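1. only geometry, no sequence info:
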Ligand SMILES: Cc1cc2nc3c(=O)[nH]c(=O)nc-3n(C[C@H](O)[C@H](O)[C@H](O)COP(=O)(O)OP(=O)(O)OC[C@H]3O[C@@H](n4cnc5c(N)ncnc54)[C@H](O)[C@@H]3O)c2cc1C
Ligand SMILES: O=C(O)[C@@H]1CCCC=N1
């Protein structure tokens, strides 16, 4: 016989006893009753039975994208649950490390447009958390004269009225004497470019989210998702119910999405994050004059390469390839694997050629993961079959700076609020 009684009532959580029926019964019970989000339902007949806690929305994955999604949901008055498989903080995904590039210089106008709001939202987080997260250094984009990507970047900076400057080979040599610029190579300086303190940013966003009433459960891996009008999410510890789910699983996205019938053309790449030391310590001024840079199409260099001024390790400069070898996140540190792209030797020869004051062997190598789409644009969309599931994936190694805007977009897709941006470049049906 159905016996349903209230056993606890707090400001935001109600627990009730329900009979030991299956998931379908529980869902229809939830829909038929006045219980909506924020209500916690406890199956009590047998004390060993699981607890179903329901939330407005569940966000799967507490990297920077999931954390900003949860932050915006909380800002809009929702009380989401943010689930993370690892104890926080962790270094297994894509959002760890101390630094990330922030810039408005993009060849695609939609990213430059999103970054106008991106900078404001980063400032909002800095103010609310009382933490300095952005250091304005300017960004040098280096390429052969007439390079189409460089020209699109210059056009966007001009169209969006962002202060910028074109540098000839001569001006480049004067301004950055430690950089051995080759004939025919020119530069463009984006004055908004700078460095974000990534680890501090992630912590700040997660703290603000919790201050707004949001809940994070870390060390809980999502093991199954049962779609439906009320979605059931089962982790290693618990089962939760919510009317909406946002999946921001980084390099684990495909693993989470496959059981939901969705195959996306995502590749996961292991990135070697390399730090380089001065050849003769104190003998050059390379540590003070190497700019924040992005280089593409350079003489004899097949890949895009980027570098950041010394920050996390005093005396060392971070210079990396914007590419890597395919690997599952679990095999990221498996050194026995033969790499197709010889990233470290490509970087060594770039350093010898362009930054001769640096030792051409990396002093430190760390690891991180990219999840790339074929066109390197993000995926921000509803699941094609389950419209109450929203997906943020494939950030293709350039998602950190735009994460405050990505979080806003994913929260709009989740709540059905009017969309701030045209999401055509990010739709799943483009593949
Ligand atoms: C070396 C490197 C340099 C970069 N440089 C820049 C840069 O300069 N500028 C820039 O803008 N961007 C940069 N990026 C890209 C940027 O960091 C990423 O786009 C961004 O961090 C992606 O965040 P995410 O939240 O999608 O992924 P992640 O940070 O990987 O978060 C996904 C989370 O989901 C969790 N998860 C997965 N599956 C489950 C499950 N089943 N249950 C529970 N939790 C789960 C994971 O544990 C993880 O914490 C760089 C990336 C790397 C690796
Ligand atoms: O997102 C960025 O700005 C950088 C660019 C180069 C590689 C990684 N991220």
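-> Perfect, I can see it now. What you see is a predicted model; the values in this text were computed from it and never measured. Ligands and ions are numbered 1, 2, ... in the order given.

2. those helices in the stretch 201-350 of the chain, which residues are they?
-> Using DSSP state H, counting those that start in this stretch, the helices of the stretch 201-350 of the chain run over residues 253-257, 286-289, 343-354.

3. Could you dump the ones you listed into CSV and include mean neighbour count and mean pLDDT?
-> For every residue, glycine as well, the C-beta is placed using N, CA and C. Formatted as CSV, the helices of the stretch 201-350 of the chain follow (neighbours: other C-beta atoms under 10 Å; pLDDT from 0 to 100):
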stretch, mean neighbour count, mean pLDDT
helix 253-257, 20, 98
helix 286-289, 16, 86
helix 343-354, 18, 95
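
4. Ok, which of the ones you listed comes nearest ligand 2?
-> Proximity to ligand 2 (C-beta to the nearest ligand atom) singles out helix 343-354 among those, at 12.5 Å.

5. helices or strands next to the closest one in the packing?
-> strand 267-277, strand 305-308, strand 316-321 (3 or more C-beta pairs under 8 Å, 6 or more residues apart in numbering; DSSP states H and E).

6. could you dump these to JSON lines with mean pLDDT?
-> Output for the helices and strands packed on helix 343-354, formatted as JSON lines (pLDDT from 0 to 100):
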{"stretch": "strand 267-277", "mean pLDDT": "97"}
{"stretch": "strand 305-308", "mean pLDDT": "97"}
{"stretch": "strand 316-321", "mean pLDDT": "97"}
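
7. Reformat those as JSON lines; add distance to residue 415 and mean neighbour count.
-> Converted to JSON lines, the helices and strands packed on helix 343-354 look like this (distance: least, C-beta to C-beta, whole Å; neighbours: other C-beta atoms under 10 Å):
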{"stretch": "strand 267-277", "distance to residue 415": "30", "mean neighbour count": "20"}
{"stretch": "strand 305-308", "distance to residue 415": "35", "mean neighbour count": "23"}
{"stretch": "strand 316-321", "distance to residue 415": "37", "mean neighbour count": "22"}
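
8. which stretch among those comes nearest ligand 1?
-> Using C-beta to the nearest ligand atom, the helices and strands packed on helix 343-354 put strand 267-277 closest to ligand 1, at 4.3 Å.

9. For ligand 2, give me its nearest residue in the stretch 1-150 of the chain.
-> Among the residues of the stretch 1-150 of the chain, residue 101 lies closest to ligand 2, at 3.6 Å counting by C-beta to the nearest ligand atom.

10. Which element, helix or strand, includes that residue?
-> strand 99-102 (DSSP states H and E).

11. And the next helix or strand after that strand, what does it pack against?
-> Next helix or strand after strand 99-102 toward the C-terminus (DSSP H and E): helix 109-129. If you count contacts as 3+ C-beta pairs under 8 Å, 6+ apart, helix 109-129 packs onto strand 99-102, strand 134-136, helix 148-159, helix 198-211, helix 403-415.

12. follow-up on the earlier one: just put the helices of the stretch 201-350 of the chain in JSON lines and tack on distance to residue 131.
-> Formatted as JSON lines, the helices of the stretch 201-350 of the chain follow (distance: least, C-beta to C-beta, whole Å):
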{"stretch": "helix 253-257", "distance to residue 131": "29"}
{"stretch": "helix 286-289", "distance to residue 131": "25"}
{"stretch": "helix 343-354", "distance to residue 131": "32"}
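
13. who touches the closest residue to residue 88 other than its chain neighbours in this structure?
-> Spatial nearest neighbour of residue 88, chain neighbours left out: residue 218 (4.4 Å); criterion: C-beta to C-beta, 6 or more residues apart in numbering. Neighbouring residues of residue 218 by C-beta atoms under 8 Å, 6 or more residues apart in numbering: 62, 84, 86-88.

14. which one is the residue in the stretch 1-150 of the chain that ligand 1 sits nearest to nearest to, not counting chain neighbours?
-> Per C-beta to the nearest ligand atom, residue 63 is where the stretch 1-150 of the chain lies closest to ligand 1, at 2.0 Å. Sequence neighbours aside, residue 95 is the residue nearest to residue 63 in space, at 4.1 Å (criterion: C-beta to C-beta, 6+ apart).

15. That neighbour reaches residue 250, doesn't it?
-> Yes - counting by C-beta atoms under 8 Å, residue 95 touches residue 250, with 7.4 Å between them.

16. thinking again about what came up before, closest to ligand 1 out of the helices of the stretch 201-350 of the chain?
-> Across the helices of the stretch 201-350 of the chain, closest to ligand 1 is helix 253-257 (C-beta to the nearest ligand atom), at 5.3 Å.

17. tell me what that closest one is packed against?
-> When contacts are defined as 3+ C-beta pairs under 8 Å, 6+ apart, helix 253-257 packs onto strand 239-247, strand 389-393.

18. at 10 Å what do you get?
-> Using 3 or more C-beta pairs under 10 Å, 6 or more residues apart in numbering; DSSP states H and E, the elements in contact with helix 253-257 are strand 222-226, strand 239-247, strand 267-277, strand 389-393.

19. mind giving me CSV with the helices and strands packed on helix 343-354 and columns for distance to residue 115?
-> What follows is the helices and strands packed on helix 343-354, written out as CSV (distance: least, C-beta to C-beta, whole Å):
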stretch, distance to residue 115
strand 267-277, 22
strand 305-308, 17
strand 316-321, 21
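
20. so which of the ones you listed comes closest to residue 170?
-> In terms of C-beta to C-beta, the element of the helices and strands packed on helix 343-354 nearest to residue 170 is strand 305-308, at 21.5 Å.

21. Give the pairing partners of the closest one; include direction for each.
-> strand 292-295 (antiparallel), strand 316-321 (antiparallel) (DSSP bridges).

22. With distance to residue 386 added, can I get these in TSV?
-> Conversion of the strands paired with strand 305-308 to TSV gives the following (distance: least, C-beta to C-beta, whole Å):
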stretch	distance to residue 386
strand 292-295	38
strand 316-321	37
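
23. I'd like these written out as JSON lines, with distance to ligand 1 added.
-> Compiled in JSON lines, those are given as follows (distance: least, C-beta to the nearest ligand atom, whole Å):
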{"stretch": "strand 292-295", "distance to ligand 1": "9"}
{"stretch": "strand 316-321", "distance to ligand 1": "6"}
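
24. nearest to residue 265, of the ones you listed?
-> Set against residue 265 and scored by C-beta to C-beta, the strands paired with strand 305-308 come closest in strand 316-321, at 21.6 Å.

25. tell me the angle that closest one makes with strand 267-277.
-> Inter-element angle recorded for strand 316-321 and strand 267-277: 150 degrees (by axes from the mean of the first three to the mean of the last three C-alpha atoms, to 10 degrees).

26. tilt between strand 316-321 and helix 343-354?
-> Orientation check (the same axes, to 10 degrees): strand 316-321 against helix 343-354 gives 120 degrees.

27. Kind regards, and thank you for your time.
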